[in-house]
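Chemist: Sequence and predicted structure, then a few things I'm wondering about:
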There are 2 protein chains.
Amino acid sequence: MNRQIVLASRPEAWVTEANFRLVEVPLPELKDGEVLVRNLWLSLDPYMRGRMSEAKSYAKSVAIGEVMVGGTAGEVVDTRHPNFQIGDRVVGYLGWQLYGAAEGSALQKVDDRQIPLSAYLGPVGMPGVTAWYGLKEICQPKEGETVVVTAAAGAVGSVVGQLAKMAGCRAVGVAGGAEKCRYVVETLGFDACVDYKAGKLWDDLKAATPKGIDCLFENVGGEIFDALLARMNAFSRIALCGLIAQYNGEPHPLKNLGSVLINRIRLQGFIVSDHLALWPRALQELGQGVASGRIRYRETIAQGLENAPQAFIGLLKGANLGKQLVKLV
Amino acid sequence: MNRQIVLASRPEAWVTEANFRLVEVPLPELKDGEVLVRNLWLSLDPYMRGRMSEAKSYAKSVAIGEVMVGGTAGEVVDTRHPNFQIGDRVVGYLGWQLYGAAEGSALQKVDDRQIPLSAYLGPVGMPGVTAWYGLKEICQPKEGETVVVTAAAGAVGSVVGQLAKMAGCRAVGVAGGAEKCRYVVETLGFDACVDYKAGKLWDDLKAATPKGIDCLFENVGGEIFDALLARMNAFSRIALCGLIAQYNGEPHPLKNLGSVLINRIRLQGFIVSDHLALWPRALQELGQGVASGRIRYRETIAQGLENAPQAFIGLLKGANLGKQLVKLV
């Protein structure tokens, strides 16, 4: 038997556990060209909040009663595709369930000898490529510039800052809480981190960005984004990756939009899946960084599929440090 | 004697006539290389509101007691520069005054035989190049796309829509009042115009942009911009040229920032004076358009320097149709 978490209802504002339901169903039967995967790891990511909503977005919503979507890493347990063998390690997009069947073309074989399997859901996966694309292609930081990233202790933000350091930039994180900020500076090697929960956001931001901000990698939105806008330099760039503070029906009045005009800012929203052609190059660089230890990362691991909803709710509230995963086995 | 309008005090929120003072001073004495110009036309433009304020911006503030800055068109009445003769028509940046002296290099000789002198302050001047740059270089509209411009009956907006039509686009204006909208459609040839004062902004906007918006040329900000954000298509572009609704200390809470992310919008603030290298090409195209009658324009003319403050206050409130000028003689 397979176990799945399906969408039971759409959230009104904050997601609750009642929005999900655990169900048991038979294992899928394979068609020609398909592969059956036992998922070992489930990735939890902020974009899933959008899929729970019916509002128009770049991807279609999960229907009520449908398995929640999500990235997974696992092992092949049955195969009707010539390129896959039982025991192969694969990453895919099989959703919140213990087993999933997919066309072979929708799965990617990975090598977990030098890079742990779970890292293919983090720094060597979608979050890593998101960081890489937004920083390199949109922000395009030059040596000596100041790069700020919000949600700096998260799966994406932690990679952004480390890539910025490799590019010779001053890397400044914004994160919630002293523990996260300590991790960002001491373990990840950022130059500074602003704890937005410390109650003096503006003063701390000014101190951490004495030369202003040239590149902002924005994951959060809300009043933090507003404050950051007021620190942007002329001809600076903003990669808009997420607005996690605004995913729950509480729009923030933006006071400093004028900065975009006055400072001739280029603000670009992006979705990493629009840029699949660049993934191989990005994944190669990220894989080398992780294998060599130059890119560090941490994981927050929930145990068992049944705990995925609670872990996801925690992610939306910033309870995790680094990549939020669910260990399924 | 020369007459000037100087900045008497900084506005608290809305500009008032008390912020200005009319003074009489002797005519300036020319140094070698300088030219004395009798200004015939003074251009009034929204950017001047920024110069009245002490807030950090892309250009320095006008000091209290200093002549208000502004573009001018006039005739040479004295010259100590070999390239200029008495009677030459010139445009420059001589400010709110009847006479101004400048280095010859800061003045541009113009030909007013096919193009009226005042047009060099409008469609064949800074406002025209602003329209040209924002549309062509930032929005980059493709044939068949929908281009929306706010303040569509103004000096910049009117050119944006006409250039969009020449590029094979659907041109939609947003303007305040039925008279302006009639002008935008009937005289300027836009496909549609939304009167934001008609009380059903969202419905009218939907009707005018049945295929959404691919390019937005934004001059206004505030709740109109917020509504437009919700009509933007995937991979659309926004040229942020002005935020005239927000120049008076009333920031608007922006509800639809998420559209920038969901639709992968590129939003670019710009200042036309950053791009001087492109002015000659732009001015040539605009000049041909005006001389041939393909680019139409209208002027709202205040008579006499002493009426400049009142006309400027009207401009900030949208009282003008087309280019707001002051006729000085």
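Modeler: All right, it came through fine.
Chemist: shouldn't residue A:41 be in contact with residue A:324?
Modeler: No - Residue A:41 is not in contact with residue A:324 according to Cβ atoms under 8 Å; the separation is 11.0 Å. C-betas here are computed from N, CA, C, even on glycine.
Chemist: So the two - more neighbours on which side?
Modeler: Ranked by neighbour count (other Cβ atoms under 10 Å in any protein chain shown), residue A:41 and residue A:324 place residue A:324 first, with 27 against 24.
Chemist: Give me the secondary structure label for the more buried one.
Modeler: Put simply, residue A:324 is strand when judged by DSSP: H, G, I helix; E, B strand; the rest coil.
Chemist: how near is it to chain B?
Modeler: Distance of residue A:324 to chain B, computed by Cβ to the nearest Cβ, to the nearest Å: 20 Å.
Chemist: which stretches of the stretch 1-150 of chain A form strands?
Modeler: Counting by DSSP state E, counting those that start in this stretch, one finds strands in the stretch 1-150 of chain A at the ranges A:2-7, A:20-25, A:34-43, A:72-79, A:89-92, A:99-103, A:108-109, A:146-150.
Chemist: State the number of residues packed around the residue of the stretch 151-300 of chain A found nearest chain B.
Modeler: At 3.0 Å from chain B, residue A:253 is the closest residue in the stretch 151-300 of chain A, using Cβ to the nearest Cβ. Residue A:253 has 13 neighbouring residues, counting by other Cβ under 10 Å.
Chemist: wait, isn't it in contact with residue B:254?
Modeler: Yes - taking contacts as Cβ under 8 Å, residue A:253 lies within contact range of residue B:254: 6.9 Å.
Chemist: List the residues that contact the closest residue to residue A:64 other than its chain neighbours.
Modeler: If the residues on either side of it in the chain are set aside, residue A:64 comes closest to residue A:7, at 5.7 Å by Cβ to Cβ, 6 or more residues apart in numbering or on different chains. Going by Cβ atoms under 8 Å, 6 or more residues apart in numbering or on different chains, residue A:7 touches A:19-21, A:52, A:62-66, A:68.
Chemist: and what of residue A:156?
Modeler: With Cβ under 8 Å, 6+ apart, residue A:156 has these contacts: A:127-128, A:130-131, A:134, A:217, A:219, A:241-242.
Chemist: part of a strand, is it?
Modeler: No - read with three-state DSSP, residue A:156 is helix and lies in no strand.
Chemist: quick one: it from residue A:131, how far?
Modeler: As judged by Cβ to Cβ, to the nearest Å, residue A:156 and residue A:131 stand 5 Å apart.
Chemist: got it, and residue A:143?
Modeler: Note on residue A:143: its distance to residue A:131, by Cβ to Cβ, is 18 Å.
Chemist: Counting neighbours, go ahead and name the busier of those two.
Modeler: residue A:131 (31 against 7).
Chemist: Can you name the residues of the stretch 1-150 of chain A that neighbour chain B?
Modeler: A:50, A:56-58 (Cβ under 8 Å from any Cβ of the partner chain).
Chemist: try 10 Å
Modeler: Residues of the stretch 1-150 of chain A lying close to chain B by Cβ under 10 Å from any Cβ of the partner chain are A:50, A:55-59, A:138.
Chemist: outside of the lengthiest helix in chain A, which residues touch it?
Modeler: Assignment by DSSP state H gives helix A:279-292 as the longest helix of chain A. Contacts with helix A:279-292, where a contact means Cβ atoms under 10 Å, 6 or more residues apart in numbering or on different chains, come from A:108, A:110-111, A:113-116, A:119-120, A:122-133, A:136-137, A:159, A:162-163, A:166, A:272-273, A:275, A:294-297.
Chemist: Generate a ChimeraX selection restricted to the buried subset of these.
Modeler: Applying 16 or more other Cβ atoms under 10 Å in any protein chain shown to those, the buried members can be selected in ChimeraX as follows:
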select /A:108,110,115,119,120,122,123,124,125,126,127,128,129,130,131,132,133,136,159,162,163,272,295,296,297
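Chemist: Report the separation between residue A:51 and residue B:257.
Modeler: As for residue A:51, its distance to residue B:257 is 19 Å (criterion: Cβ to Cβ).
Chemist: Comparing those two, which shows the higher neighbour count?
Modeler: Neighbour comparison, residue A:51 and residue B:257: the larger count goes to residue B:257, with 25 against 17 (by other Cβ under 10 Å).
Chemist: Might one say that residue A:10 is in contact with residue A:62?
Modeler: Yes - when contacts are counted by Cβ atoms under 10 Å, residue A:10 is listed as touching residue A:62 (9.2 Å).
Chemist: Give me the common contacts of the two.
Modeler: Both residue A:10 and residue A:62 are contacted by A:52-54, under the criterion Cβ under 10 Å, 6+ apart.
Chemist: what residues go with each domain of chain A?
Modeler: Per automatic domain parsing, the structural domains of chain A span A:2-121+A:297-327, A:126-273.
Chemist: Cool, thanks, signing off.
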